[in-house]
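[1] build me a model:
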Amino acid sequence: MAGELDPARMRISDAERHQVAEVLRQAAGDGRIDLDELDQRLEATYAAKTYADLVPITFDLPAHQDGPQVAPRSTVPSPVVVGPVQERHLAIMSGVDRKGVWVVPQHFTVIALMGGANLDMRQAKFAASEVVVTVNAFMGGASILVNPHTHVIVEGTGIMGGYTGPSGLVAPDLDETSPTVRIRGIAVWGGVSVERKHLPGGSRKALRPGH
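    Numbering: from 1, shown residues only. As a prediction, the model looks like this:
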């Protein structure tokens, strides 16, 4: 897809160069390459700038498969899919629920009056690279779940209530393909919480939107 960053062209770090150097030294110690080859490959390793430069250096060595991995991540598609521009919901002493595979519109609005919303976006796709979720709650609120690959910005205002998150024990795993969820609104005597969790079923692999 046009505009996607080729992972093989991503820049590598010094730590990854050192990692490959250790693989080469181990291979020389095992007799898989001679000292001249070791010098040549080490020179190429420390001159490498991208994964495309680095990966071939240990491609013919068993340690490349069994030892430290330096191959680039698989290409992932754009998080943007065809979907609605906006969607509005009114929850009066009732609720709004979204879970599983669904498309988050570019503008998603919930008004909760003594009601609430449960929005599970862990398997969701997005109608834009940045979507805006507005939750206006009076004696109500919302619970929002995202996966590690989703970037979250919380801008809501709480009056005797509040907006929290993203919380949870799961560390974010963000890159240039990560969708952004911007959360706004006003919570009066209510609250909106955002929690980062793994995918349903306990999977630790973050779903890339579009998969």
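
[2] packing partners of the longest strand seen in the chain?
    As assigned by DSSP state E, the longest strand anywhere in the chain is strand 130-138. Applying 3 or more C-beta pairs under 8 Å, 6 or more residues apart in numbering; DSSP states H and E, we find strand 130-138 packed against strand 107-113, strand 116-120, strand 141-146, strand 180-184, strand 186-188, strand 191-196. Every C-beta, even on glycine, is put in place using the N, C-alpha and C of the backbone.

[3] could you check the angle the longest one makes with strand 191-196?
    Relative orientation of strand 107-113 and strand 191-196, computed by axes from the mean of the first three to the mean of the last three C-alpha atoms, to 10 degrees: 130 degrees.

[4] what about the nearest residue to E87 once chain neighbours are set aside, neighbour count?
    If the residues on either side of it in the chain are set aside, E87 comes closest to P105, at 4.5 Å by C-beta to C-beta, 6 or more residues apart in numbering. For P105, the neighbour count with other C-beta atoms under 10 Å is 19.

[5] so P105 sits right up against K125, yeah?
    No. Between P105 and K125 there is no contact, the gap being 10.8 Å when judged by C-beta atoms under 8 Å.

[6] joint contacts of those two?
    Counting by C-beta atoms under 8 Å, 6 or more residues apart in numbering, the shared contacts of P105 and K125 are G83.

[7] using PDB, list the CA coordinates for the strand or helix carrying V20.
    V20 belongs to helix 14-29 when elements are defined using DSSP states H and E. What follows is helix 14-29, C-alpha atoms only, in PDB (Å, rounded to 0.1, in the frame of the first residue of the first chain):
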ATOM      1  CA  ASP A  14      23.600   0.000  18.400                       C
ATOM      2  CA  ALA A  15      22.200  -2.700  20.700                       C
ATOM      3  CA  GLU A  16      21.100  -4.700  17.700                       C
ATOM      4  CA  ARG A  17      24.500  -4.300  16.100                       C
ATOM      5  CA  HIS A  18      26.200  -5.600  19.200                       C
ATOM      6  CA  GLN A  19      23.700  -8.500  19.300                       C
ATOM      7  CA  VAL A  20      24.700  -9.600  15.800                       C
ATOM      8  CA  ALA A  21      28.400  -9.100  16.700                       C
ATOM      9  CA  GLU A  22      27.900 -11.600  19.500                       C
ATOM     10  CA  VAL A  23      26.300 -14.100  17.100                       C
ATOM     11  CA  LEU A  24      29.300 -13.800  14.800                       C
ATOM     12  CA  ARG A  25      31.800 -14.200  17.600                       C
ATOM     13  CA  GLN A  26      30.000 -17.300  18.800                       C
ATOM     14  CA  ALA A  27      30.000 -18.700  15.200                       C
ATOM     15  CA  ALA A  28      33.800 -18.100  14.900                       C
ATOM     16  CA  GLY A  29      34.300 -19.900  18.300                       C
END
